[in-house]
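Colleague: okay, sequence plus prediction incoming.
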Amino acid sequence: MDYVQDIYPAGGTPALPGFQLAMRLRTSYTATVMNPNELLNLFREKGAYLEGHFVLSSGLHSSNYMQCARILQFPSIAETLGHQIADGLPTPDFVLSPALGGIIIGHEVARAYGVPFLFCEREDKVFRLRRGFEIQQGQHVVVIEDVMTTGGSTRETIAVAQQASAVLAGTGCIVDRSLSPLDFGVPFHSLLKLPLAQYKPDDCVLCRQGIPVIKPGSRK
Ligand SMILES: [Zn+2]
């Protein structure tokens, strides 16, 4: 089943040719807003929309993987997406993201607001603030991810902020690929809603077909 076709049927907004979009991005981010169709085309064009058999960071299996690094490698695009996410959320005192996936886009969202950017990283499988990052009690935080599937990493990141007595003001991401609506109890803003197929590892149609599974971004 092609979920993308279902969500963005033919006859929608025509895609800009890649070079035109790149020109627009270079010229001025403030004048550029990418609609979901353009963003999806950008993913395809940059080889960031992968098809196969993947393990997601949530542990679920899928026939698709959104490799945001492939579009965030272009700083002007990262900056544009950062502004677009920031535009949909209240201005916080700082932005917090989980390493590694959330770092580039979180940094760009923080740049758009003009506030500091912090990231947390796993230590003994638990997200923690390291590197001397400090959160002041009562500071408002926006938590940013690249892709959300179950929202698990985001919830863990929110817990890091709340344990430091920060106040959650909003959450956002580039791609929301959840199958049921994510609810963090605060404003949530994603740029592309793409409810892609996902399977439990012990009940995966692709595993049953004997297709080798790939864990993107990890060592072989
Ligand atoms: Zn599988």
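Modeller: Structure's in. What do you need?

Colleague: what about residue 75, distance to residue 104?
Modeller: Applying CB to CB, to the nearest Å, the value for residue 75 to residue 104 is 9 Å. In this view, the C-beta of every residue, glycine as well, is placed from N, C-alpha and C.

Colleague: scratch that, residue 69 is what I was asking about
Modeller: With CB to CB as the criterion, residue 69 and residue 104 are 8 Å apart.

Colleague: between these two, who's got more neighbours?
Modeller: Ranked by neighbour count (other CB atoms under 10 Å), residue 69 and residue 104 place residue 104 first, with 21 against 15.

Colleague: sec struct for the residue nearest to the spatial centre of the chain, please.
Modeller: Centrality entry for the chain: nearest residue to the mean C-alpha point is residue 146, 1.8 Å, by CA atoms, centre = their mean. Using DSSP: H, G, I helix; E, B strand; the rest coil, the secondary structure recorded for residue 146 is strand.

Colleague: got the contact list for it?
Modeller: 66, 68, 72, 101, 102, 104, 105, 173, 174, 175 (CB atoms under 8 Å, 6 or more residues apart in numbering).

Colleague: do the same with residue 154
Modeller: Counted by CB under 8 Å, 6+ apart, residue 154 has contacts 98, 143, 145, 148, 171, 173, 182, 184.

Colleague: give the bridge partners for the residue nearest to it when sequence neighbours are not counted, please.
Modeller: Nearest residue to residue 154, sequence neighbours excluded (CB to CB, 6 or more residues apart in numbering): residue 145, at 5.3 Å. Counting by DSSP bridges, residue 145 forms beta bridges with residue 173.

Colleague: close enough to count as contact, residue 145 and residue 97?
Modeller: Yes - if you go by CB atoms under 8 Å, residue 145 and residue 97 touch, sitting 6.6 Å apart.

Colleague: got any residues that touch both of the two?
Modeller: 105, 106, 157.

Colleague: neighbour-wise, which one of the residues you listed leads?
Modeller: Result: residue 106 is most packed of those (other CB under 10 Å), 28 neighbours.

Colleague: Validate this expectation: that residue resides in a strand.
Modeller: No - counting by three-state DSSP, residue 106 falls outside a strand, being helix.
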